[in-house]
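S.K.: Quick one: sequence and predicted model below, then my questions.
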Amino acid sequence: MAFEYGAQKLNIRNPFRFEGLIRSVRGLVLLVVGVYLLFQIQTLLGTDKPQAWLNLFVGGLFVVGGLKALGAGLFQVMRFFVGRAAPASLSKNVAREAVAEREPTLYNPKNIHNMLMSKTNPTFVEPLGWFARAVHSVFPKLIVTPWPIRNLATNLAMKLTKSLVAIAAFLVASLVVIMVFAGTGGGEVGGAVVSLAFQLVLMLYLGVVWIRLGNPLARSNMIHLHQYSSKSLAMVVIGAIVVPILIAQGWIGLWSGIRPDNQRDLMELVPLLEPVFHIGVLLTLTIVGAIVVATISMLLIRARTGMVEVRTTSSEQNRSWRYDIHPRQIFTTLRDLVLMEKRQQALPNRIYMDENDTASANRENEQFNGDLIAEIQPVVEEMDEPDVLRWSRISGTVLSQVMMLVGALLLWIGADQALDHVMLWPLLVDQGVTLQVALEQLFIPAGATFAMVLAAFLLMGFGRSLAAICHVFWSEIFFRSNIFDFHCEGTVMRATHFRGADRHSASSEQDVFSFDATYFALATEAVSSTFAVSGQHNLEQPRYILSLDNCDGFMNSVVGGLEAQFHTRNEEILNDKRADREARLDYIRQEQQARRTGDLSAQGLVAPEQREALEADLPDAGEREKIARWEGNSD
């Protein structure tokens with residue numbers, strides 16, 4: 001929906017202020033470091049050009065990354081622009097004053113009617129696939145959460161399952177390698193090399209699994225429930241079995257193709273090269289990062305599942321009516337008078353269905369029916385958050401930004417140390433140092449630097465994933481609204497009222513309609529939520545119905561107001577009929593009186609200006625007595 005300014009606000013607060021503040025701090029620190037590195041270039045150009053080029057590259061990255069983080073954070077801290085049409089409608093709004101909405105809707109009028117009639121909630125659909133069923137069996141309350149949270153939980157459970165399968169396969173493969181290479185020629189060398197290869201593959205796999213999270217608030221995650229087939233998990237199991245076998249067999253083939261003297265040299269070299277690799281430290285960091293992300297995510301999801309008391313009830317009322325008004329007035333009065341008085345914040349109601357055939361019901365005993373489904377403007381609802389949710393969200397947000405900041409600083413330090421290693425290599429070659437000296441002065445420190453760079457990328461990746469997960473729980477906004485569903489059908493009755501002495505001498509006629517109808521009304525107080533995003537289209541996301549509660553007071557108020565309008569209108573019609581009847585009776589009395597007195601003007605037979613001339617020509621009393629006898633009136 002487009003932004004629509006209004007002096008009366010909707011009282012929707014900015015949910016991203018704290019998150020934006022922490023992100024701005026990280027961006028500011030990166031920007032300061034980047035500017036510091038760039039300011040050193042002028043001094044270094046005369047003394048150390050390679051260092052100057054490195055400062056230019058790293059400082060440029062820091063400035064760009066810092067400005068991006070600072071801009072995004074300040075954007076979240078700034079004013080949260082919300083139009084008067086927010087939030088999104090549950091279904092397509094067919095009201096005359098409805099604005100053009102671009103966000104998708106998850107419901108339709110039939111869904112909403114069935115929801116109120118059958119006391120169900122179509123938001124909580126059945127999980128798709130066996131894996132999603134297993135996840136919902138472990139966490140049964142997960143089904144009553146919005147779709148982005150369900151997709152996030154299923155995605156995290158799949159990542160956790162893949163990680164456990166990979167770690168189990170690594171442990172089994174390591175045990176098998178120890179047993180296979182034990183007591184064989186070059187067994188220690190083979191065991192060390194293959195174990196390092198296993199650790200490297202496991203570290204890369206776990207890093208890719210947990211860093212590639214995606215955007216939990218992408219449009220596909222909001223309008224679809226993802227299904228995970230057994231194929232993806234089967235590929236993980238197959239890979240966990242096949243990859244260790246291929247690595248072990250490859251080493252055996254490589255070892256058997258090496259000459260004995262080279263085997264002895266390799267057996268002496270491998271123990272010296274083993275300190276170069278820090279795969280164990282990186283693997284530990286990867287596992288710890290995955291555990292931290294999974295733990296905070298599970299705490300957030302578990303706390304969110306119990307946040308809203310889920311109900312599926314609604315109020316019902318049905319009755320028969322008989323009023324002397326046209327049935328069209330049923331729906332126009334309900335929509336434009338009664339429900340209009342229930343508006344919130346002076347905003348028009350959302351009309352999801354307005355269909356009736358009363359406009360053509362003009363014949364005697366003609367049937368009519370109609371339906372009206374309306375939602376009163378939703379108002380923001382401040383839900384009581386559990387302490388676990390609040391502090392897990394805050395700690396997760398701070399920790400994610402700290403991890404990304406530390407990762408960036410480690411990347412700077414690692415790049416600076418890598419330049420030192422590159423500059424040291426020609427010096428060692430010129431000096432012709434031994435392998436032991438080269439290992440101690442170059443290769444082992446270079447291995448630590450490489451591990452530091454990998455750790456930096458891992459920390460930034462885990463921090464980014466944790467920030468995206470926490471962002472979901474910052475962005476949810478709750479609303480409360482009343483939904484009214486009305487169905488009415490009945491029969492039209494038509495009568496013609498004539499004005500005059502009788503229907504043959506009537507001066508006018510009027511068609512009067514009445515109806516005999518039965519209605520069935522449903523009403524509920526709905527709690528719904530949507531997920532805001534920071535940007536121009538902050539609330540253009542679908543809305544999810546979470547709870548339905550009965551609202552007898554609202555139902556009685558609407559139906560009572562409708563019946564009061566009918567009584568008022570019916571009383572006006574009765575007053576008009578009473579006045580018309582009295583006017584006709586008065587007319588008849590005047591006509592009868594005129595007939596008795598011979599007042600032709602009162603009978604409308606002569607014009608008033610001719611009355612004096614006619615009265616002058618009236619016969620005397622004797623003549624009138626003769627005329628009376630001739631007409632048969634002896635008295």
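M.R.: Good, I have the coordinates.
S.K.: Quick one: mean pLDDT over stretch 317-326.
M.R.: Average pLDDT, stretch 317-326: 84.
S.K.: What residues of it count as buried?
M.R.: By neighbour count with 16 or more other CB atoms under 10 Å, stretch 317-326 contains the buried residues 321, 323-326. For glycine as for every other residue, the C-beta is placed from the backbone atoms N, C-alpha and C.
S.K.: likewise stretch 513-523?
M.R.: Within stretch 513-523, the residues that count as buried by 16+ other CB under 10 Å are 513-515, 517, 519, 521-523.
S.K.: So which of those sit within helices?
M.R.: Mapping the buried residues of stretch 513-523 onto helices (DSSP state H) picks out no residues; all lie outside.
S.K.: Tell me the one among the residues you listed nearest to residue 241.
M.R.: For these, the minimum distance to residue 241 (CB to CB) is 57.0 Å, reached by residue 522.
S.K.: shouldn't that closest one be in contact with residue 118?
M.R.: No. Taking contacts as CB atoms under 8 Å, residue 522 lies outside contact range of residue 118: 10.4 Å.
S.K.: The nearest residue to residue 128 once chain neighbours are set aside: neighbour count?
M.R.: Of all residues not flanking residue 128 in the chain, residue 227 sits nearest, at 3.9 Å (CB to CB, 6 or more residues apart in numbering). Residue 227 has 12 neighbouring residues, counting by other CB atoms under 10 Å.
S.K.: Ranking helices and strands of the protein by mean pLDDT, which lands last?
M.R.: The helix or strand of the chain with the poorest confidence is helix 621-630; it has a mean of 49 (mean pLDDT, DSSP states H and E).
S.K.: what's the offset of stretch 23-35 from the middle of its chain?
M.R.: Taking CA atoms, centre = their mean, to the nearest Å, one finds the center of stretch 23-35 at 32 Å from the center of the full chain.
S.K.: Residues contacting it, please?
M.R.: For stretch 23-35, contacts defined as CB atoms under 8 Å, 6 or more residues apart in numbering pick out 58-74, 76-77, 401-402, 404-405, 408-409, 412, 467.
S.K.: let's go with 6 Å and repeat that
M.R.: Counting by CB atoms under 6 Å, 6 or more residues apart in numbering, stretch 23-35 makes contact with 59, 62-63, 65-66, 69-70, 73-74, 401, 405, 408, all of which sit outside it.
S.K.: Alpha carbons of that stretch, in CSV - could you do that?
M.R.: Below are the C-alpha coordinates for stretch 23-35, written out as CSV (Å, rounded to 0.1, in the frame of the first residue of the first chain):
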residue,chain,number,x,y,z
ARG,A,23,24.2,-2.0,13.8
SER,A,24,25.1,1.6,13.6
VAL,A,25,27.8,1.2,16.3
ARG,A,26,29.4,-1.6,14.3
GLY,A,27,29.2,0.5,11.1
LEU,A,28,30.7,3.5,12.9
VAL,A,29,33.7,1.4,14.2
LEU,A,30,34.3,-0.1,10.8
LEU,A,31,34.1,3.4,9.2
VAL,A,32,36.6,4.8,11.7
VAL,A,33,39.1,2.0,11.2
GLY,A,34,38.7,2.3,7.4
VAL,A,35,39.3,6.1,7.5
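S.K.: Give the buried residues for that stretch.
M.R.: Using 16+ other CB under 10 Å as the test for burial, stretch 23-35 gives 23-31, 33-34.
S.K.: Stretch 233-240 now?
M.R.: 233, 236, 239-240.
S.K.: do stretch 211-222 as well
M.R.: In terms of neighbour count (16+ other CB under 10 Å), stretch 211-222 has its buried residues at 211, 213, 216-217, 221-222.
S.K.: Residue 366 contacts residue 492, correct?
M.R.: Yes. The criterion here is CB atoms under 6 Å, and residue 366 meets it with residue 492 at 4.8 Å.
S.K.: Nearest residue to residue 457 in space, please, no chain neighbours.
M.R.: residue 407 (6.9 Å).
S.K.: Contact partners for that neighbour?
M.R.: So residue 407 contacts 456, 459-460 (CB under 6 Å, 6+ apart).
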